[in-house]
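J.: Give the three-dimensional model of this entry:
(one chain, ligands or ions: 3)
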Amino acid sequence: MPSRSLLADAFRAHPVHVHQKHIDFTSLQEIPDSHKWTQIDDEQHPLVDPLITESVPVIDLSDPNVLQNIGHACKTWGVIQVTNHGIPTSLLENIESASRSLFSLPIQQKLKAARSPDGVSGYGVARISSFFSKLMWSEGFTIVGSPLEHFRQLWSQDYTKFCDIIEEYKKEMQKLARRLTWLMLGSLGITKKDLKWAGSTGESKKGSAALQLNYYPACPDPDQAMGLAAHTDSTLLTILYQSNTSGLQVLKEGIGWITVPPIPGGLVVNVGDLLHILSNGMYPSVLHRAVVNRTKHRLSIAFLYGPPSSVEISPLQKLVGPNHPPLYRPVTWNEYLGTKAKYFNKALSSVRICAPLNGLADVNDHNRVRVG
Ligand SMILES: C=C1C[C@]23C[C@@]1(O)CC[C@H]2[C@@]12CCC[C@@](C)(C(=O)O1)[C@H]2[C@@H]3C(=O)O
Ligand SMILES: O=C(O)CCC(=O)C(=O)O
Ligand SMILES: [Fe+2]
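T.: Ligands and ions are numbered 1, 2, ... in the order given. Next up is the predicted model:
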């Protein structure tokens, strides 16, 4: 990740006006009106009992059948949990403890590293807050490029230690994200020749990425609060480390919200909107959200991986034919982030050029889903 990332330009051009109402969750005995959500589930999209339904596929990356397993899981779910991924446990422990240190700083200290309205990096409420009348029960810290300046504001003494952990984490995650991208595309018959930018190892051609640290404090009334509202990620894929506390839920069409239980050493991998576009709709980008807990706080760390920010992404030629017209027009990650900032969960439909041939609703037609 270059320190002055092109990704940041997407937000300079499309400032997101969120109510920057920063709140000290530690002092609250009950939910203030500003954070009270009237209904977090509805009849069409109920919360599903984990004991009576299927669960998100767990893919062992060392399995000889990994290619078929991953392809099938991505087509049917758009989300998987991976094991044997090669990320050292010590690195996961280090990033978790660095994130805990960050969020446990006093609010006045955290605000020294607040994200500016037209900026991408720093401390603040979820970007998607601007689309909802109620605030979410969470705090976030976004890192695009180097966190050095912000970390210097947070910790005057040992900020370099925290920077080193972030850099190491980004480096390892970048390698894993590239490997996963090739596995996911490989199972659709796509090779490095079919995707010039992704085959290159040159600095300018490497994917761009953002790191999102999320903190969900324990909540006196979890049924009336939302940790992070339902959304898809604007990425190729997202790798999420959710530590050992559950809270992530994914929407399985026709079934409802399914909890993704943390598994020891496991990482959740979401298909994002750009991979949905590249795969010409074969892989759905999964709608997901985070709910909160009455007694436990929760931490999650998302590595949001995308292509170089100004490369045009469009349905891959090999996946297009007379019976499979291209479903989306070309779009760069930079442009798409701007579109997302404007249209949120309708961003995908806004770049769509062709309705599904079978007349059925698109798997990614989230307009029908109540998101607030
Ligand atoms: C690259 C990015 C994707 C993201 C916006 C961002 O610039 C950095 C934060 C990312 C995140 C994380 C939480 C959910 C999300 C929808 C949001 O509001 O900020 C995603 C954005 C996205 O995928 O569109
Ligand atoms: O906290 C979680 O489980 C979800 C986080 C997430 O969806 C994100 O950061 O994009
Ligand atoms: Fe997400």
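J.: quick one: low-confidence ranges for the stretch 151-300 of the chain?
T.: 199-206 (pLDDT under 70).
J.: So which residues on it come close to ligand 1?
T.: Proximity of the stretch 151-300 of the chain to ligand 1 (CB under 6 Å from any ligand atom) is limited to residues 210, 212, 231, 233-235. Where you see a C-beta, it was placed from the backbone N, CA and C, and this is true even at glycine.
J.: Can you say which two of those residues are spatially most distant?
T.: Ala210 and His231 (14.4 Å; CB to CB).
J.: Show me the helices in this protein, by range?
T.: Ranges of helices in the chain, per DSSP state H, are 7-13, 66-76, 89-103, 107-110, 148-154, 159-186, 196-199, 273-278, 333-343, 347-350.
J.: where do the strands sit along the stretch 1-150 of the chain?
T.: All strands of the stretch 1-150 of the chain, identified by DSSP state E, counting those that start in this stretch, fall at 58-60, 79-83, 122-124, 139-143.
J.: would CSV of these with mean pLDDT, distance to Ser285 and mean neighbour count be doable?
T.: Shown next, in CSV, are the strands of the stretch 1-150 of the chain (pLDDT from 0 to 100; distance: least, CB to CB, whole Å; neighbours: other CB atoms under 10 Å):
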stretch, mean pLDDT, distance to Ser285, mean neighbour count
strand 58-60, 98, 18, 16
strand 79-83, 98, 9, 23
strand 122-124, 95, 24, 23
strand 139-143, 97, 20, 23
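J.: For ligand 2, find the nearest of those strands.
T.: strand 139-143 (7.5 Å; CB to the nearest ligand atom).
J.: Is ligand 1 within reach of the closest one?
T.: Yes - using CB under 6 Å from any ligand atom, strand 139-143 reaches ligand 1 at Thr142.
J.: picking up where we left off before, of Ala210 and His231, who's got more company?
T.: With neighbours defined as other CB atoms under 10 Å, Ala210 and His231 compare such that Ala210 has more, 25 against 22.
J.: so the more buried one touches Val120, yeah?
T.: Yes - if you go by CB atoms under 8 Å, Ala210 and Val120 touch, sitting 7.1 Å apart.
J.: got any residues that touch both of these two?
T.: Listed as contacting both Ala210 and Val120 by CB atoms under 8 Å, 6 or more residues apart in numbering are 7, 142, 144.
J.: any idea how far Ala209 is from the first one?
T.: Separation of Leu7 from Ala209 (CB to CB, to the nearest Å) stands at 8 Å.
J.: Now list whatever residues contact both of those two.
T.: Residues within reach of Leu7 and of Ala209 at once, by CB under 8 Å, 6+ apart, are 144, 306.
J.: Quick check: buried residues in stretch 35-46?
T.: 35, 37, 40, 45 (16 or more other CB atoms under 10 Å).
J.: same check, this time on stretch 94-108
T.: Neighbour-count burial for stretch 94-108 flags 94-96, 98-99, 102-103 (criterion: 16+ other CB under 10 Å).
J.: dump the residue contacts of Leu47.
T.: 41, 249, 256-257, 259.
J.: That one pairs with what?
T.: Assessed by DSSP bridges, Leu47 has beta-bridge partners Trp257.
J.: ok, and for stretch 327-341, which residues are buried?
T.: 327-328, 331-341.
J.: same check, this time on stretch 167-182
T.: So, applying 16+ other CB under 10 Å, buried residues of stretch 167-182: 169-170, 172-174, 176-178, 180-182.
J.: One more: stretch 50-58?
T.: 56-57.
J.: How about residues contacting that stretch?
T.: 69, 72-73, 76-77, 79-83, 250, 252, 255, 258-261, 263, 266, 268.
J.: Equivalent analysis for stretch 185-204, please.
T.: With contact meaning CB under 8 Å, 6+ apart, stretch 185-204 is reached by 2, 67-68, 70-72, 74, 178, 181-182, 205-207, 278-279, 282, 307-308, 311, 316-319.
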